[in-house]
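Engineer: Next one to model:
(2 chains)
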Amino acid sequence: MAPIIRVRKLEKCFGKLYVLKGLDLDVEAGEVLVIIGRSGSGKSTFLRCLNFLEEPTAGTIEVDGVVIPAGEPSREHRIHIQQIRAKTGMVFQHFNLFPHMTALENVIEGPITVKGMSREEAIEIGERLLGWVGLMDKRDEYPSRLSGGQQQRVAIARALAMEPKIMLFDEPTSALDPELIGEVLDVMKRLAREGMTMIVVTHEMGFAREVADRVIFMGDGVWVEEGTPEEIFDNPKDPRTRDFLRHIL
Amino acid sequence: MGNTSIVAVAQPSAEAQRVLAAQQAKARKFMIKLALVWVGIFVVLGVAFKLLKFDMNFMFDRLDFILAGIKYTLLVSAAGISLAIILALLGALGRLSKNPIANGIATFYVSFVRGTPLLVQVYIWYLGLPQIGQQLESLGLSGVQRLLTLPAIPAGILALGVCYGAYMTETFRAGIQSIGKGQTEAAYSLGMTPGQTLRRVILPQAIRVVIPPIGNDFVAMLKDSSLVSVMGVWELTYRATKMGRRYFRSLETLTVAALIYWLMCIILQTLQARLEAYMGRGERR
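Structural biologist: Model (predicted):
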């Protein structure tokens, strides 16, 4: 089967800063890929390039059959970006819930505005998803009244409401108090078990070991080492990987 | 644990209560003194009016005549602020636009209008525009002169709206920029277009931010609407000066006008406070 994500020679520069140095990646449908590495190594930038929150400087990104080469934003280019975004959900470090909408309104916003779904139908989906992340009782609360863990679970429900084929997680637990990390990771584990294709940038090594099919260690804009969680965590080959793991574990 | 400590937990100690009472007494005293100062100011003013031989009866007799100007003042201000809000929204989008034409026009608009006196702008709309019409007419565009020769009230509304629109452009721009980048990214990641993101996510939040400054601008405009009196609109200031000059009682009539403006501003500020409370209901932090 063809991979659902195919990245070729991806490069990203911020001005003179060379961040991503020609990355290739294939991700199979249903795979859970965890990317680890020091801050500043380009993990988040890579993830954000996948749905074009950052425009790649060079290279090609293919998501579920939609191929977008890096380049000047033409009309066609923008339409393709829209298509890729509709297929991928994203969860942010700082949740980024819409503060002027209740939990349910956050979740149904995408289906109504982007897909043109009727409000009734969207509410049905929204309530099911809020129930799935265990927050049905918070349906009418504004984000400011929710804990960080609850906000992040609403954010996951919001992303899932678009019925994405791929979920991108950008350090989803880094802004959370330690006691709230577990509830978010639990939701992510259930999502992985249900067969969602996931790319997760995280510092939660326990999660990576338990859930990941593959772990990539990234350093300085290149893939340093990749393998199964066992290979990476128990038997890292590259000295940089060993050094990183020694510091974080 | 002894009985006394439970009592101590249940309510503040005598010492704490004494301090609390003293603090409250101090706050009360301050309020009383403040009220006295205000009363004092009015007494002094009253005495001054007496010494200046203020004709109170005259003021009361002419009150109706001057008050009748309120409807023009309010008409010009309300229409002006509506126009300003529309222009400010367009201006802000232009200033934030990556389209060089939109950005250039918006930047020129803000710079030129903010850099020229409102009074000059009022005259340009009222006296300058007909001249442009005349020239265009002579170039063969028939009917343009009539179109560009504006009666005083529309000219005043345009002058105030265009002028305040330029100031408020910067307010709106700041309001839009105050909404974090993460909001746009979250909307984009759901597949929203830039237009949808603006309408559904950015503007509803930005409007909350800009309501207080817009309220201030409206209050300022209410007062600047007095400038349209130079075109002979029968609003508050025009009526006050007209009546004052005729009877050589300008101080009286202008005082009446000033008090009316003041009262309107107080009412507006109260309404603004209520609106802010209402708009802020989702934002309990």
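Engineer: For the rest of this, base every contact and every neighbour count on C-alpha atoms.
Structural biologist: OK.
Engineer: can you list the residues of chain A near chain B?
Structural biologist: A:51, A:53, A:82-83, A:85-86, A:88-90, A:92, A:94, A:96-101, A:110, A:113-114, A:142, A:144-145, A:159, A:162 (CA under 8 Å from any CA of the partner chain).
Engineer: try 6 Å
Structural biologist: A:82, A:85-86, A:96, A:100, A:110, A:114, A:144 (CA under 6 Å from any CA of the partner chain).
Engineer: In the stretch 1-150 of chain B, which residue sits closest to chain A?
Structural biologist: B:Lys98 (12.6 Å; CA to the nearest CA).
Engineer: How about the secondary structure of that residue?
Structural biologist: Judged by DSSP: H, G, I helix; E, B strand; the rest coil, the three-state class of B:Lys98 is coil.
Engineer: mind checking which helix or strand the residue lying farthest from the centre of chain A is in?
Structural biologist: The centre of chain A is farthest from one residue, A:Glu120, which by CA atoms, centre = their mean lies 28.3 Å away. In the assignment (DSSP states H and E), A:Glu120 maps to helix A:119-132.
Engineer: Who are the packing partners of that helix?
Structural biologist: helix A:103-113 (3 or more CA pairs under 6 Å, 6 or more residues apart in numbering or on different chains; DSSP states H and E).
Engineer: And the helix it packs on, what does it pack against?
Structural biologist: Against helix A:103-113 (3+ CA pairs under 6 Å, 6+ apart) you get helix A:119-132.
Engineer: For the helix it packs on, buried residues please.
Structural biologist: A:119, A:122-123, A:125-130 (16 or more other CA atoms under 10 Å in any protein chain shown).
Engineer: On the C-terminal side of it, identify the next helix or strand.
Structural biologist: With DSSP H and E, the next secondary element past helix A:119-132 is helix A:148-160.
Engineer: Quick one: mean pLDDT for that following helix?
Structural biologist: When pLDDT is averaged along helix A:148-160, the result is 97.
Engineer: what sits up against whichever helix or strand comes after it?
Structural biologist: Next helix or strand after helix A:148-160 toward the C-terminus (DSSP H and E): strand A:166-170. Identification of contacts with strand A:166-170 by CA atoms under 6 Å, 6 or more residues apart in numbering or on different chains yields A:88-93, A:197-201.
Engineer: Show only the entries of those found in strands.
Structural biologist: A:88-91, A:197-201 (DSSP state E).
Engineer: Just send these back as CSV, with pLDDT, distance to A:Gly40 and neighbour count too.
Structural biologist: As requested, these are arranged in CSV below (pLDDT from 0 to 100; distance: CA to CA, whole Å; neighbours: other CA atoms under 10 Å in any protein chain shown):
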residue, pLDDT, distance to A:Gly40, neighbour count
A:Thr88, 96, 24, 25
A:Gly89, 96, 23, 28
A:Met90, 97, 20, 29
A:Val91, 98, 19, 27
A:Thr197, 97, 25, 23
A:Met198, 97, 22, 27
A:Ile199, 97, 18, 22
A:Val200, 97, 16, 28
A:Val201, 97, 12, 24
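Engineer: circling back to that earlier point, please produce a markdown table containing the buried residues of helix A:119-132, extended by distance to B:Trp234 and pLDDT.
Structural biologist: Putting these into a markdown table (distance: CA to CA, whole Å; pLDDT from 0 to 100) gives the following:
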| residue | distance to B:Trp234 | pLDDT |
| --- | --- | --- |
| A:Arg119 | 51 | 97 |
| A:Ala122 | 55 | 97 |
| A:Ile123 | 55 | 97 |
| A:Ile125 | 60 | 97 |
| A:Gly126 | 58 | 97 |
| A:Glu127 | 59 | 97 |
| A:Arg128 | 63 | 97 |
| A:Leu129 | 62 | 97 |
| A:Leu130 | 61 | 97 |
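Engineer: With respect to A:Asp24, which of these is nearest?
Structural biologist: A:Leu129 (33.8 Å; CA to CA).
Engineer: so what's that closest one up against?
Structural biologist: So A:Leu129 contacts A:Ala157 (CA under 6 Å, 6+ apart).
Engineer: try 8 Å
Structural biologist: Contacts for A:Leu129 (CA atoms under 8 Å, 6 or more residues apart in numbering or on different chains) come out as A:157, A:160-161.
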